[in-house]
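Student: After the sequence you'll find the predicted model.
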Amino acid sequence: MQAKNWKPVCSVDDIVPNTGVCALVEDRHVAIFHVLDVEEGLFAIDNVDPNVQASVLSRGLVGNLGERIVVASPIYKHHFDLRSGECLEAPEHSVAAYPVKVEDRTVLVAV
């Protein structure tokens with residue numbers, strides 16, 4: 001198994017709770033979300049909405065659909081599962097999800 005290449009992104013304090021930020025991680029636009037009241041707390045998925053090819057998912061509304069923690073794209077309102085990257089309305093337009101961890105208040109993402 002290959003070791004993960006963790007990249008520092010920002011301080012956890014830089015992400016307003018229940019919102020996301022965009023970061024360029026190894027030439028990828030990655031959306032990182034800080035979600036309160038969920039055990040994991042931090043999630044990372046591709047920021048580019050494949051339905052419109054725009055880098056906008058970090059600006060979407062965070063919420064839940066049943067047990068799923070999702071972000072609604074600000075353009076067509078498709079819901080993306082923050083744990084898996086699955087697009088609930090059009091699974092063929094799902095995005096990648098990435099591991100996230102925090103060390104000394106610094107958010108790290110592995111792509």
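Tutor: Looks like it came in fine.

Student: make it CA atoms for all contacts and neighbour counts henceforth
Tutor: OK.

Student: how near is Ile69 to Asp104?
Tutor: 25 Å (C-alpha to C-alpha, to the nearest Å).

Student: Comparing the two, which shows the higher neighbour count?
Tutor: Taking other C-alpha atoms under 10 Å, Ile69 and Asp104 do not tie; Ile69 has more neighbours (18 against 7).

Student: Sticking with Glu69, tell me its helix or strand.
Tutor: For the record, residue 69 is Ile, not Glu. Ile69 belongs to strand 68-72 when assigned by DSSP states H and E.

Student: Could you do Ala23 as well?
Tutor: Using DSSP H and E, Ala23 falls in strand 19-25.

Student: how far off strand 19-25 does the helix or strand following that strand point, in degrees?
Tutor: Moving toward the C-terminus from strand 19-25, the next helix or strand (DSSP H and E) is strand 28-34. Angle, strand 28-34 to strand 19-25, by axes from the mean of the first three to the mean of the last three C-alpha atoms, to 10 degrees: 150 degrees.

Student: Thank you, goodbye.
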